[in-house]
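Trainee: next input, structure requested:
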Amino acid sequence: MSIHKFDHHIQAGIFAKLRASSSLRYRDLKDPSLESSQFMYHLKELAKRDLVEKNENGHYKLTPKGISLAQYFSSEKAALNPGTLSYTMLFIRSKKGKWLLVKRKRQPFYGSYAAPSGKIHTHETLGQAVERELALVTDGKIENKLQYKGYVSILTKNEFAETHVTGPIWFMDDCEEFDLSKITAKNLLWSDWKTLPYKDFIPGWREIVEMIEKGKPNYLDLEFDT
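Mentor: Numbers count the residues shown, from 1 in each chain. Okay, the predicted model is just below:
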């Protein structure tokens, strides 16, 4: 596999499944239509490239390198497109002082709390990107105006790999807490984030909230060792 393209669509499929899970059993990872020998060949190829490994329970998961590359996976192209990623990040606070959070269901930072966000598409303006993301997150249920609060660069690294995300920060305050059960975007919740364990948040959450509450748009250049 080159850094951009998987050798086979089966490898891309395995990677995509593990990207959306902390770990999977063999029977949950394997496509029933595949021969066991064929599936194991491609699974071993991913392991050779240090993208997939077994955990202590015998389940399969992405390696630290695989987790780092997961952010670059394109399901449409079944490929990896490395580079610094730009995201629209929405920070929304209700009249009750609760924040709209998403519990991530993809690597990296699987299971961590974060603000709703989405990749800024090629040839898309920042305004178009935030309108698209807001419509996805709220289904048009709130009309409060968004405020631009700054730009952030977050570099997170460990001894194995790193992730690098940048993007504009948008803030909406004093809105009604709309019903999340009917929202297209899943894994959303309203919460006073300070009541949750901070270790369960993506790196940079506290610094971004502090920037928002200062009121003046700013640029944050953050780096974390995990």
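Trainee: CA only for contacts and neighbour counts going forward, please
Mentor: Fine.
Trainee: show me what stretch 125-139 is in contact with.
Mentor: Stretch 125-139 is contacted from outside by 88, 90, 116-118, 120-121, 140, 168, 170, 178, 183-185, using C-alpha atoms under 8 Å, 6 or more residues apart in numbering.
Trainee: what's the domain layout of the chain?
Mentor: 9-80, 85-225 (automatic domain parsing).
Trainee: I'd like these as CSV, with mean neighbour count appended.
Mentor: Below are the domains of the chain laid out as CSV (neighbours: other C-alpha atoms under 10 Å):
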stretch, mean neighbour count
domain 9-80, 17
domain 85-225, 17
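Trainee: can you name the residues that contact Tyr110?
Mentor: 20-22, 103-104.
Trainee: distance to Lys61 and secondary structure added to these, as a markdown table?
Mentor: Formatted as a markdown table, these follow (distance: C-alpha to C-alpha, whole Å; DSSP: H, G, I helix; E, B strand; the rest coil):
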| residue | distance to Lys61 | secondary structure |
| --- | --- | --- |
| Ala20 | 10 | coil |
| Ser21 | 8 | coil |
| Ser22 | 6 | coil |
| Lys103 | 19 | strand |
| Arg104 | 16 | coil |
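Trainee: which element is Ser153 on?
Mentor: Element membership of Ser153, judged by DSSP states H and E, is strand 147-157.
Trainee: kindly report the same for Gly118.
Mentor: strand 117-119.
Trainee: quick one: contacts of the strand holding Ser153?
Mentor: 162-172, 203-204, 208, 211-212, 215-226.
Trainee: one more pass at 6 Å, please.
Mentor: For strand 147-157, contacts defined as C-alpha atoms under 6 Å, 6 or more residues apart in numbering pick out 162-171, 212, 217-225.
Trainee: so after the helix or strand bottoming out on mean pLDDT in the chain, what's the next helix or strand?
Mentor: Across the helices and strands of the chain, mean pLDDT, DSSP states H and E gives its lowest value to strand 79-80, namely a mean of 71. The helix or strand immediately downstream of strand 79-80 is strand 85-94, counting by DSSP H and E.
Trainee: assumed Glu213 was part of a helix.
Mentor: Yes: remark: Glu213 belongs to a helix, assigned using DSSP: H, G, I helix; E, B strand; the rest coil.
Trainee: the chain: helices as residue ranges?
Mentor: Secondary structure of the chain (DSSP state H): helices at 9-19, 26-29, 36-48, 64-70, 126-138, 205-214.
Trainee: show me where pLDDT drops low in this protein?
Mentor: Scanning the chain for pLDDT under 70 picks out 1-4, 76-79, 81-84, 141, 143, 160, 185.
Trainee: state which strand of it is the longest.
Mentor: For the chain, the strand with the greatest residue count under DSSP state E is strand 162-175.
Trainee: report the distance from that one to the chain centre.
Mentor: 12 Å (C-alpha atoms, centre = their mean, to the nearest Å).
Trainee: appreciated, that's everything.
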